[in-house]
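>>> curious how this folds, go ahead:
(2 chains)
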Protein chains: 2
Amino acid sequence: MDKNIFMELLAKRQFKAVRSILDVMNAIDIASLLSELKDKELAQAFRLIPKDKAAEVFANMSNTMQGYLINIFTEKELKDILDDMFMDDTVDLLEELPANVVTRILETIGQEKRSQINVLLHYPEDSAGTIMTTEYVDLRKWMTVSQAMAHIKEVGIHKETIYTCYVLDARRLIGIVTAKDLMTADDNETIEDLMETEIICVNTHDDKEEVGQLFSKYDLLALPVLDVDGRMVGIVTVDDAMDVVVDEATEDITLMAAINPSEKPYFDTTVFQHAKNRILWLLILMLSATITGTIITRYENAFAVIPILVSFIPMLMDTGGNCGSQSSTLVIRGIALGEIQFKDIFRVMFKEFRISLLVGSALALANGIRILIMYRNPSLAVVIGISLAATIMLSKLIGCILPLLAKKVHLDPAIMAAPLITTLVDTCSILIYFNVATLIFHLSV
Amino acid sequence: MDKNIFMELLAKRQFKAVRSILDVMNAIDIASLLSELKDKELAQAFRLIPKDKAAEVFANMSNTMQGYLINIFTEKELKDILDDMFMDDTVDLLEELPANVVTRILETIGQEKRSQINVLLHYPEDSAGTIMTTEYVDLRKWMTVSQAMAHIKEVGIHKETIYTCYVLDARRLIGIVTAKDLMTADDNETIEDLMETEIICVNTHDDKEEVGQLFSKYDLLALPVLDVDGRMVGIVTVDDAMDVVVDEATEDITLMAAINPSEKPYFDTTVFQHAKNRILWLLILMLSATITGTIITRYENAFAVIPILVSFIPMLMDTGGNCGSQSSTLVIRGIALGEIQFKDIFRVMFKEFRISLLVGSALALANGIRILIMYRNPSLAVVIGISLAATIMLSKLIGCILPLLAKKVHLDPAIMAAPLITTLVDTCSILIYFNVATLIFHLSV
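A predicted model of the protein is given here:
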């Protein structure tokens, strides 16, 4: 839909045409179209959205616009929207909006929903409980397929998914029946005969990253969530699991570049916030790079005698940093995908050691030959070759060990990525380099 | 399931017990359990898997094991498995297995399926066509809900999903009906009344990354794929879209660490392959770091006179590299998520410029003060301060521009990440640094 045409129709008060447009548009596209409107137009346009889409459009708008709309809604409008919204979207709303708006929401929704929301709001950050919804279809094992279908027809319209139904017995989950089973089975079969009893599930307190891993491993559409006592309390649906997978990857990528992760898209983050997210890590890394600098000054004599030594510093530092971050990146991603665990540490180390032997000798050889040809100085070629090979081996080891250690002490392994590894490896490579040089050229320190 | 118990039962030929275990286990877990077995045991165990799960287990095994099994299968066993496998899994199989195994598969499957597979095999790499399946439920607009349900009951069992049904008219897609609509509607309503006509779809040749973006934007369960003439040829299901999202993130993360992406998990890649994936980029980056080194030698006089200058090289290089890679990382991820496009280049540049002003002045100030206190040398503080601020501003600009330019010329923006940016920025920071120093300390070059 062209934004300008839409705005013009709205300005000309062609409400019937606007309504027809909104009628055929997808809720998510309406939300992004409305996000370009100013306050008064926004309110006007929002009221023209067909009733059955309004809640979904609302759930997909930015927090600023949601806050604005809630303030201008009548009591009845707000109640209608909140009644139609899924529990997990309502909780997201309450977590993001300012306190006065939250109060208005809590006053409007009914007592029962309010206490459910309260429970949802108190799960630990990043846990499965925070992304689940409490609305699912529950069946009983004695139901026949046609009874189950009738039950779904009655309650299903208000559920986020009806494609996986849960068979409960005294709030305990005893089986799962998919809508596909129901639709392709005989009407008189019982749920007990049809249900799958090997169930994949998570606990409310499990990390949501694990939820994402389960979805992609088992190709799930929904995943039941149990409380500490093993009672079923909700489900996570595949769309929310997809968001988790995307967000976790973004968070890792951001953190791996020494930036505090922000949940907002690039353009929605202010300049000041961007600077704040980046500056702390830069300061820390700058301080540790200063240590490397200080170490260099200890070898002043070396490069006073052989000034050419200084010119290899960038190459050694960069190659060491790159090798280390290659290893750390692969290990960090392997941990995130559940492919590498702490118990694999020696397997990883042995693998990286063999890789670094291959890579180290190849690069040392390439450099040695280049130096022999360019400077006709065999000793220099040997110094650079040995330093390079040693730096590469050490950096690959540091790069693979640190993320696993971080995981062990419950830090995010993504911290142990390129920037930190580079800084650590820098110091090591300078020390190796000048010690080798001092030794081979018989320099005094 | 404990592997040892399972192996013991198998060794003791307790086939009934093994069969009962396999009966309750999930196909994906069976696949990973079987992956620990040796050849003969594998064949034995595989033949004990219940018929209705065998194809799914097979589809989830490693290529090596699939190849082994296909070679020992009887004609009938192979035919049964292939008949039960979804089209997209069969295509994956053909793409990965050695030629002689492929021949055996193609001889076994029927003519009709073979020609469909041939079409699927010829879509461009990474296109939507390569991840779609041709098995979906198609309805006609004149059907009633109960006719549609009867149709699904008849054909649905063999389809990968029945939750989104497609209304076709002369092979053209005219509407979409969800199973939820069908299950909650009156039996006599017609499909035409029920169907959604605003359809989100892709073309066979569209990039699969775009498919992933559409799924996470619109919370889809399945996405129809049309050919160039607008005829419906298949669907992508959410489980495959999830795999795309995970794989694309892994590919970006790997590439951003200067490693050629591999589709295999860390431990499944050989040492030699790991080394090969890493060495090319290291060589390229090493050569460009050598240029930086050569530039340093031009300023030999400067650090001969003021040796302390050398000690700030690591700090300047690292900080510049980190700043540049912060910007490039955020831009690369923004491009991957569809949040940043080439047309935004000036907006991004202006934003990064303002951020770099804040970050640059803060870090320059911090460093200047430190140097004043430690060395009591105001000129040195000014040199480092100016060099640092200028380096930061330049690196942030380089970092945000290069990924966008790469996108524009259809290169993967992830190439323009930390390692390459660091090397580029190194040269710039050294040039800035020694020029500022030469100027302020009145040195001769």
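>>> helix or strand: which one has residue A:69?
Assessed by DSSP states H and E, residue A:69 sits inside helix A:63-72.
>>> near chain B, which residues of the stretch 51-200 of chain A are found?
Contact residues (C-beta under 8 Å from any C-beta of the partner chain) of the stretch 51-200 of chain A with chain B: A:149, A:152-153, A:156-157, A:162-163, A:179-180, A:183-184, A:197-198, A:200. C-beta: built from backbone N, CA, C; applies to glycine.
>>> what about 6 Å?
When proximity is defined as C-beta under 6 Å from any C-beta of the partner chain, the stretch 51-200 of chain A approaches chain B at A:152-153, A:156-157, A:162-163, A:179-180, A:183-184, A:198.
>>> show me where pLDDT drops low in chain A?
Within chain A, the stretches falling below the threshold (pLDDT under 70) are A:1, A:444-445.
>>> what about the strands in chain A?
A:138-139, A:164-169, A:172-178, A:202-203, A:222-226, A:232-237 (DSSP state E).
>>> returning to what we had before: give me the helices and strands touching the helix holding residue A:69, please.
Judged by 3 or more C-beta pairs under 6 Å, 6 or more residues apart in numbering or on different chains; DSSP states H and E, helix A:63-72 has no packing partners among the helices and strands.
>>> buried ones in it?
A:63, A:65-70 (16 or more other C-beta atoms under 10 Å in any protein chain shown).
>>> ok so, going back, export the strands of chain A to CSV and tack on distance to residue B:126 and mean neighbour count?
Formatted as CSV, the strands of chain A follow (distance: least, C-beta to C-beta, whole Å; neighbours: other C-beta atoms under 10 Å in any protein chain shown):
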stretch, distance to residue B:126, mean neighbour count
strand A:138-139, 41, 18
strand A:164-169, 31, 20
strand A:172-178, 31, 19
strand A:202-203, 32, 18
strand A:222-226, 29, 23
strand A:232-237, 28, 24
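>>> columns distance to residue A:435 on top of these, output as CSV?
Converted to CSV, the strands of chain A look like this (distance: least, C-beta to C-beta, whole Å):
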stretch, distance to residue A:435
strand A:138-139, 70
strand A:164-169, 63
strand A:172-178, 63
strand A:202-203, 52
strand A:222-226, 55
strand A:232-237, 55
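>>> so which of these comes closest to residue B:235?
Closest approach to residue B:235 among the strands of chain A is made by strand A:172-178 (17.8 Å; C-beta to C-beta).
>>> quick one: list the elements packing against that closest one.
strand A:164-169.
>>> the strand it packs on to strand A:222-226, inter-axis angle?
Put simply, strand A:164-169 runs at 30 degrees to strand A:222-226, going by axes from the mean of the first three to the mean of the last three C-alpha atoms, to 10 degrees.
>>> among the residues of the stretch 51-200 of chain A next to chain B, name the buried ones.
A:152, A:156, A:162-163, A:179-180, A:183-184.
>>> take those and keep only those in helices.
Using DSSP state H, A:152, A:179-180, A:183-184 are the members of these that sit in helices.
>>> now the terminal residues of stretch A:222-235, how far apart.
Start-to-end span of stretch A:222-235 (C-alpha to C-alpha, to the nearest Å) is 6 Å.
>>> ok, and what's touching that stretch?
A:128, A:132-134, A:136, A:161, A:164, A:171, A:173, A:201-204, A:236-237 (C-beta atoms under 6 Å, 6 or more residues apart in numbering or on different chains).
>>> tell me the contacts of the residue nearest the centre of chain A?
Centroid-nearest residue in chain A: residue A:248, 1.2 Å away (criterion: C-alpha atoms, centre = their mean). Counting by C-beta under 6 Å, 6+ apart, residue A:248 touches residue A:209.
>>> counting neighbours, what do you get for residue A:112?
Using other C-beta atoms under 10 Å in any protein chain shown, residue A:112 is surrounded by 8 other residues.
>>> before we move on, what about residue A:264?
So residue A:264, with other C-beta under 10 Å, has 11 neighbours.
>>> ramachandran angles for it?
phi -90, psi 150 (degrees, to the nearest 10).
>>> do the same with residue A:187
phi -60, psi -30.
>>> isn't it up against residue A:146?
Yes. At 4.2 Å, residue A:187 counts as touching residue A:146 under the criterion of C-beta atoms under 6 Å.
>>> comparing these two, which residue is more hemmed in?
Shown here are residue A:187 and residue A:146; by other C-beta under 10 Å, residue A:146 has more neighbours (14 against 11).
>>> was I right about that one contacting residue A:188?
No. The pair residue A:146 / residue A:188 is not scored as a contact, 7.3 Å apart, by C-beta under 6 Å.
>>> can you pull the contacts of residue A:152?
Contact analysis of residue A:152 by C-beta under 6 Å, 6+ apart lists A:137, A:162, B:183.
>>> 10 Å instead, please
Neighbour list for residue A:152: A:137, A:139, A:159, A:162, A:165, A:179, A:182, B:180, B:183-184 [criterion: C-beta atoms under 10 Å, 6 or more residues apart in numbering or on different chains].
>>> likewise for residue A:321?
Contacts of residue A:321 by C-beta under 10 Å, 6+ apart are A:391, A:395, A:399, A:418-419, A:421-426, A:429, B:285, B:289, B:317-318, B:321, B:418-419, B:422.
>>> please apply the same query to residue A:324.
A:391-392, A:394-400, A:402, A:416-418, A:420-426, A:428-429, B:257.
>>> can you select the buried ones from these in PyMOL?
To isolate the buried members of these in PyMOL, using 16+ other C-beta under 10 Å:
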select buried, (chain A and resi 391+392+394+395+396+397+398+399+400+402+416+417+418+420+421+422+423+424+425+426+428+429) or (chain B and resi 257)
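>>> which of the contacts of residue A:324 fall in helices?
Using DSSP H, the contacts of residue A:324 in helices are A:391-392, A:394-400, A:402, A:418, A:420-426, A:428-429.
>>> chain B next: which of those are close?
Under the cut-off given by C-beta under 10 Å from any C-beta of the partner chain, chain B has A:392, A:396, A:399-400, A:418, A:420, A:422-423, A:426, A:429 from the ones in helices among the contacts of residue A:324 close to it.
>>> closest to residue A:4 out of those?
residue A:418 (44.3 Å).
>>> state the number of residues packed around the residue lying closest to the closest one once chain neighbours are set aside.
Closest residue to residue A:418 apart from its sequence neighbours, by C-beta to C-beta, 6 or more residues apart in numbering or on different chains: residue A:325 at 3.6 Å. Neighbourhood size, residue A:325 [other C-beta under 10 Å]: 30.
>>> kind regards, and thank you for your time.
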